[in-house]
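Asker: My questions are about this predicted structure, shown below with the sequence.
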Amino acid sequence: MSKGAPGAARSAVALAGFLIVAGLQLAAVLLALWTVLWLLPSSFALRIGVPLSLATFGTLAYATWRALHIRHRVPAGVAVGREQAPRLWELVDEAAAAAGVPVPAGVTVVADATAAVGERTRLLGLIAGRRDLYLGLPLLQALEPDRLKAVVTHELAHGSPTLGRWAPLAHRGRVAAGRTLPRISRRNPAGPALRAYAALYRRLDAPFGREQELAADRIAAAHAGTAATVAALRDLPALAGMQRLFHAEYVGPGWQAGYVPDDVFGGLLRVLAARTAEMAMLRAREPEPAGPWDPHPPLAERIAALSPPAAADPGEPAESAEGTESAEEAKEAEETKELVPDLPALGRALQAVAFPPRGRAVVSWDECLSVARTAEMEREAEAALAAVSRAVGSPVPDAGELLTLAADGRLRAAAETLLPEVPPEETAGRIVELLGLMLALAALRSGVARWRHSWTGAAEVTGADGTYLNLAELAAAAADPETTEAVRAYLTEAGVDLAAAASRPGSARAQVLGGLVNLSADGVRTDLLITDLGLLLVPGLPRGRGPESKRRLSRIAADGVPVGGMAASEGEPSGSPAGDGLALPGGGRFVPFADIAGVTTTAGRRKGWTLDMRDGPDLTLRSALDTDELPGGWSAWDEAVTFLAGTR
């Protein structure tokens, strides 16, 4: 018997316990139901038997099925066949042989910097199914062949029978339970017992889960080499961190502004090449725990278990200790490219699947980054000007009007009204910041300035010819009423149109933060999306179509809420196109945060909220018995309520 066989058997038995708990729960309800019916007069028991059974046992049985039903979500990607990438498949075949497992049925390249084996199991992993390998394109782009070999071997080795015949079942069950049980709704009547047993299952399974991860590391090291495996263990979390940074700083802002770069993954390569110092810092850092269902031991422990000498200096790549020459590294990088012929073409095909434009304009990286930065500034300026307009009691649409307020002292008075508890020095700084923002926007809109981008740091506004533009000095002078008009004359002579309008693209989207399904809005069933600019209320579907409502709201969230839809004039029907021709999805109604003066939370069995609208009747939202959420929906709503209650 293998050393790990007892642990594997214990985990497998603990997994079967979920079905036992579910069965005992159903049996207990059935016994209670029969007892009640037996105590009642026979004629009365016959009349209420069927309705009572459906209301109790039937409801619990359906809830149990919903709780334990495994939802197989296939990540968006591009399947790569043997004829398309024979060398990649050769690597997978060899890794499967080393792990002692069957070769995966397919290989799919996905967008995230990750590797995983997906299996279509049933009954919480008790019944095996089709296995597919999912490889992140960033791994194919950035990892050397030996490191990629180590990553693939580790993932396949999760299903290795090395630790006992029950080890593959234990791993399947752990993955299935970790994917299914955390999603059980709080309102599911079968949930409390299953969640309570899940805590016991995690305690029973955790030791073997850690042992299985260490065994997968050993198999990978035996096949790909210890140095390559240690380097891969450091590379994976570092690549994932760099990809998050890349999306947050480069892709996300343009995506939200209605643009998508024509070569997303090429941009990631540029960031990786330009930010080697940050990559080295991430490689040396212990990654954050993935969650309670993650069986991976700490990175330092995994590296120490493989090769303590290689782990002596976490910041130094393993290859440096072995004296690898730069020429050899270049050769290995070239071999990585050959694993998949024409990797850039694969990147473009994957981009079409993972980043479908959905009405966004596909442009060069330079244009995408420029419009994204400008859109961020315009949104910040729009919120600031709205606040100043309310403080002075008249519209303040542009930089020209803001300079007029600065010249006669009303801008300072408005700032003191909006920031009553802020010290005078800080208030003066805020005024200069706002003026600098508006002057930069006016220069950009007039074509006098442009963005200069960098893959290593923040972009900056320069003159149209690339020369230095000292907007901070101009903003400081504009904040002084004695020199405001001199600044106006200087900018006008330089060709800056201080009244230039925003050039917001018609396909711009608000960023969706979360969503709630099946609320009541003024007594009408409504679905809700929380965005960074306001709330989108979408007419709900009839009761009983909750899953469909959730899928519909997820699709709307994925597409994004058109910014243009917020600009529709008063009296225009909801869902109709605004000035840019984009309609709000689902016949929805958008409520900007700027139009909400405050929010009041009403206590009771079902929580409710009353939004105090600046213009028009108040809006009352209330949760229902079947209210559900998109991931992070309630958290996003709580943050929105806190913001509206505390800053208005």
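Answerer: Happy to help now that I have it.

Asker: State the distance from the closest residue in space to residue 282 that isn't next to it in sequence to residue 277.
Answerer: Leaving aside its sequence neighbours, residue 282 sits nearest to residue 238 (CB to CB, 6 or more residues apart in numbering; 3.7 Å). For every residue, glycine as well, the C-beta is placed using N, CA and C. The spacing between residue 238 and residue 277, counted by CB to CB, to the nearest Å, is 12 Å.

Asker: more crowded one of these two?
Answerer: Neighbour totals were compared for residue 238 and residue 277, and residue 238 leads with 21 against 9 (other CB atoms under 10 Å).

Asker: where does the residue nearest to residue 282 land in three-state SS?
Answerer: With DSSP: H, G, I helix; E, B strand; the rest coil as the basis, residue 238 sits in helix.

Asker: pLDDT score for it?
Answerer: We have a pLDDT of 92 for residue 238.

Asker: try the one 10 residues further on
Answerer: Residue 248 is assigned a predicted lDDT (pLDDT) of 88.

Asker: What is the neighbour count of it?
Answerer: Count around residue 248 with other CB under 10 Å applied: 10.

Asker: and it, which of the three is it?
Answerer: On the basis of three-state DSSP, residue 248 is classed as helix.

Asker: again, but for residue 441
Answerer: From three-state DSSP, the assignment for residue 441 is helix.

Asker: wait, isn't it in contact with residue 377?
Answerer: Yes: at 5.5 Å, residue 441 and residue 377 qualify as touching, with contact defined as CB atoms under 8 Å.

Asker: Same drill for those two, tell me which one is more crowded.
Answerer: residue 441 (23 against 17).

Asker: What about residue 522, how many residues nearby?
Answerer: Using other CB under 10 Å: residue 522 sits among 12 other residues.

Asker: Next: the one 4 residues further on.
Answerer: Using other CB under 10 Å, the number of residues around residue 526 comes to 22.

Asker: so residue 640 touches residue 529, yeah?
Answerer: No: Residue 640 lies out of contact with residue 529 (CB under 8 Å); the separation is 10.9 Å.

Asker: Who has more neighbours out of these two?
Answerer: residue 529 (27 against 22).

Asker: so the more buried one, which of the three states?
Answerer: Classified using three-state DSSP, residue 529 is strand.

Asker: give the contact list for the nearest residue to it once chain neighbours are set aside.
Answerer: Using CB to CB, 6+ apart and skipping the chain neighbours, the partner closest in space to residue 529 is residue 536 (4.2 Å). Counting by CB atoms under 8 Å, 6 or more residues apart in numbering, residue 536 makes contact with 510, 528, 529, 556, 561, 584, 585, 588, 589, 590, 591.

Asker: ok, residue 67 to residue 182 distance?
Answerer: With CB to CB as the criterion, residue 67 and residue 182 are 11 Å apart.

Asker: Under the pLDDT cut-off, which ranges of the stretch 251-400 of the chain? List them.
Answerer: For the stretch 251-400 of the chain, the stretches flagged by pLDDT under 70 are 307-337.

Asker: So which residues of it form helices?
Answerer: Counting by DSSP state H, counting those that start in this stretch, the stretch 251-400 of the chain has helices at residues 252-257, 264-274, 276-284, 299-306, 318-321, 326-339, 343-354, 365-392, 399-407.

Asker: Specify the stretch among those that is closest to residue 215.
Answerer: Nearest to residue 215, of all these, is helix 299-306, at 10.0 Å by CB to CB.

Asker: Buried residues in the closest one, which are they?
Answerer: 299, 302, 303, 304, 306 (16 or more other CB atoms under 10 Å).

Asker: Next: stretch 426-435.
Answerer: For stretch 426-435, burial by neighbour count (16+ other CB under 10 Å) applies to 428, 431, 432, 434, 435.

Asker: Thanks again, I'm all set now.
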